[in-house]
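Q: Structural data only, the sequence is not supplied:
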């Protein structure tokens, strides 16, 4: 796997994929495929798939003799173990290829793999699943919504869940539930009811920390601030609240992720599994998420200005592109309202370029972007 600077396409242009669909038509097709897909959890996979929509990404097919043929494929989803593409022809399983993936840093990764499956979808369109030779670090490519359960493992081996878990939770029922969810693992579970007690226990050592954001004596952010100088532990935040203040706090704190309440066994086990894997590999420091947050909030400020300009010019195409971008990156810092409103506008403009019907939504979207960007200095 090699990394190079992103080629950086010019604004307002997109490359044509092999199935000949532009952004709007591709969105409709992908939405239809997602709606008809098997519900999450009904198919157990080694790696969970996440949306990774791109109109055209380069894929180099390795030909007999070692030469390559470059094609542009529409991308549907991505996992740490592979990616799903749409192509206008059948591709034989076992075909070697090198895929190009844009990372959040702006660079691109060239990843080697092979075709694992090819399924006919409609007309000439086939869905191609490419399995990577080596797993990706998903958080380098997809900025997850910190307020949703976003964890890479899907198939969990309980025998591999070993080590010490510290659960700082004032609610007895949730402490009991956590033990129940992990009863078939080899984890040693320690519990604390207050922040002060939890900090004391954390300094004694733990592989993973599950922390309630709403403690009786301090907030989760205060807990992590006090703990920072004493210990470095892979951390997961839990809460029954999902407001923007918690979203920003979670994104800034460098924790692994957020587990919403009420707790769900599959989510808890996936989160713990990824946390334990990170603890073993030493990849504990996730402070780069704060950099992602800063970038997104800065980007929202400029997007609000561009959106106002596009609305004043009655430029439906520019609005569509801006909202398509917002729909993709706003959830990365828990700004669900912006993501949902952008999705509504994209859907409406996909059907008609008439702006009158969505005038109020566009005004609200500008206000939300301005409000969120003002939190950069908070």
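A: Alright, I've got the coordinates. Here the structure is a predicted model, which means the values were calculated and not measured. Numbering: from 1, shown residues only.

Q: okay, CA-based contacts and neighbour counts for the rest of this
A: Noted.

Q: Give the other helices and strands that whatever helix or strand residue 115 lives in contacts.
A: Using DSSP states H and E, the element containing residue 115 is strand 107-122. For strand 107-122, the elements it packs on are strand 2-5, strand 96-102, strand 125-132, judged by 3 or more Cα pairs under 8 Å, 6 or more residues apart in numbering; DSSP states H and E.

Q: Okay, buried residues for it please.
A: Judged by neighbour count (16 or more other Cα atoms under 10 Å), strand 107-122 contains these buried residues: 108-118.

Q: between those, which is closest to residue 341?
A: Set against residue 341, the nearest of the buried residues of strand 107-122 by Cα to Cα is residue 108 (29.4 Å).

Q: Neighbours of the nearest residue to the closest one once chain neighbours are set aside, how many?
A: Distances taken as Cα to Cα, 6 or more residues apart in numbering place residue 102 nearest to residue 108, at 4.3 Å, with adjacent residues excluded. The local packing of residue 102 (other Cα atoms under 10 Å) involves 21 other residues.

Q: Quick check: the gap between residue 102 and residue 86.
A: From residue 102 across to residue 86, the span is 17 Å (Cα to Cα, to the nearest Å).

Q: correct me, but residue 355 touches residue 314?
A: Yes. At 7.4 Å, residue 355 counts as touching residue 314 under the criterion of Cα atoms under 8 Å.

Q: neighbour-wise, which of the two wins?
A: The neighbour comparison of residue 355 against residue 314 (other Cα under 10 Å) goes to residue 355, with 18 against 15.

Q: and the buried residues of strand 107-122 as CSV, adding pLDDT and distance to residue 345?
A: Output for the buried residues of strand 107-122, formatted as CSV (pLDDT from 0 to 100; distance: Cα to Cα, whole Å):
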residue, pLDDT, distance to residue 345
108, 84, 29
109, 90, 32
110, 94, 34
111, 96, 34
112, 97, 37
113, 97, 37
114, 97, 37
115, 97, 36
116, 96, 36
117, 95, 35
118, 96, 33
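
Q: And the residues you listed, which is closest to residue 326?
A: For the buried residues of strand 107-122, the residue nearest residue 326 by Cα to Cα is residue 108; the value is 20.9 Å.

Q: what's across from that closest one in the sheet?
A: residue 4, residue 102 (DSSP bridges).

Q: right, and it touches residue 140 too?
A: No. Using Cα under 8 Å, residue 108 is not in contact with residue 140; the gap is 10.4 Å.

Q: Sketch out the low-pLDDT regions of the stretch 51-200 of the chain for me.
A: Where the stretch 51-200 of the chain drops to pLDDT under 70, the residues are 105-106, 143-155.

Q: run the last query once more with 90
A: Scanning the stretch 51-200 of the chain for pLDDT under 90 picks out 51-56, 64-66, 79-80, 102-108, 135-160.

Q: At which residues are the strands of it located?
A: Ranges of strands in the stretch 51-200 of the chain, per DSSP state E, counting those that start in this stretch, are 68-79, 82-87, 96-102, 107-122, 125-132, 162-168, 186-192.

Q: Run through who's touching the third one.
A: Looking back up the chat, that one is strand 96-102. Contacts to strand 96-102, defined as Cα atoms under 8 Å, 6 or more residues apart in numbering, come from residues 6, 57-63, 108-115, 141.

Q: any chance you could map the helices in this structure?
A: For the chain, applying DSSP state H gives helices covering 23-36, 172-181, 195-202, 220-227, 244-253, 265-281, 288-312, 316-329, 336-351, 359-373.

Q: which stretch in these has the least confidence?
A: Ranked by mean pLDDT, those bottom out at helix 244-253, which scores a mean of 65.

Q: about what we covered before: now distance to residue 211 too, for the helices and strands packed on strand 107-122, in CSV please.
A: Converted to CSV, those look like this (distance: least, Cα to Cα, whole Å):
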stretch, distance to residue 211
strand 2-5, 36
strand 96-102, 33
strand 125-132, 34
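
Q: Compare these and give me the one nearest residue 368.
A: Per Cα to Cα, nearest to residue 368 of the helices and strands packed on strand 107-122: strand 96-102, 27.5 Å.

Q: Centre of the chain to the closest one, how far?
A: Once both centres are worked out by Cα atoms, centre = their mean, to the nearest Å, strand 96-102 turns out to sit 20 Å from its chain's centre.

Q: That one vs strand 68-79, what angle?
A: Angle, strand 96-102 to strand 68-79, by axes from the mean of the first three to the mean of the last three Cα atoms, to 10 degrees: 60 degrees.

Q: Report the inter-axis angle for strand 96-102 versus strand 82-87.
A: 100 degrees.

Q: Can you point out the buried residues in strand 96-102?
A: 96-102.

Q: could you dump those residues to TSV with distance to residue 81?
A: Converted to TSV, the buried residues of strand 96-102 look like this (distance: Cα to Cα, whole Å):
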residue	distance to residue 81
96	15
97	14
98	14
99	13
100	14
101	13
102	16
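
Q: Residue 199 and residue 227 touch, don't they?
A: Yes. Using Cα under 8 Å, residue 199 is in contact with residue 227, at 6.2 Å.

Q: thinking again about what came up before, adding distance to residue 194 as columns, could you present the buried residues of strand 107-122 in CSV?
A: What follows is the buried residues of strand 107-122, written out as CSV (distance: Cα to Cα, whole Å):
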residue, distance to residue 194
108, 44
109, 44
110, 47
111, 46
112, 48
113, 48
114, 50
115, 51
116, 49
117, 50
118, 53
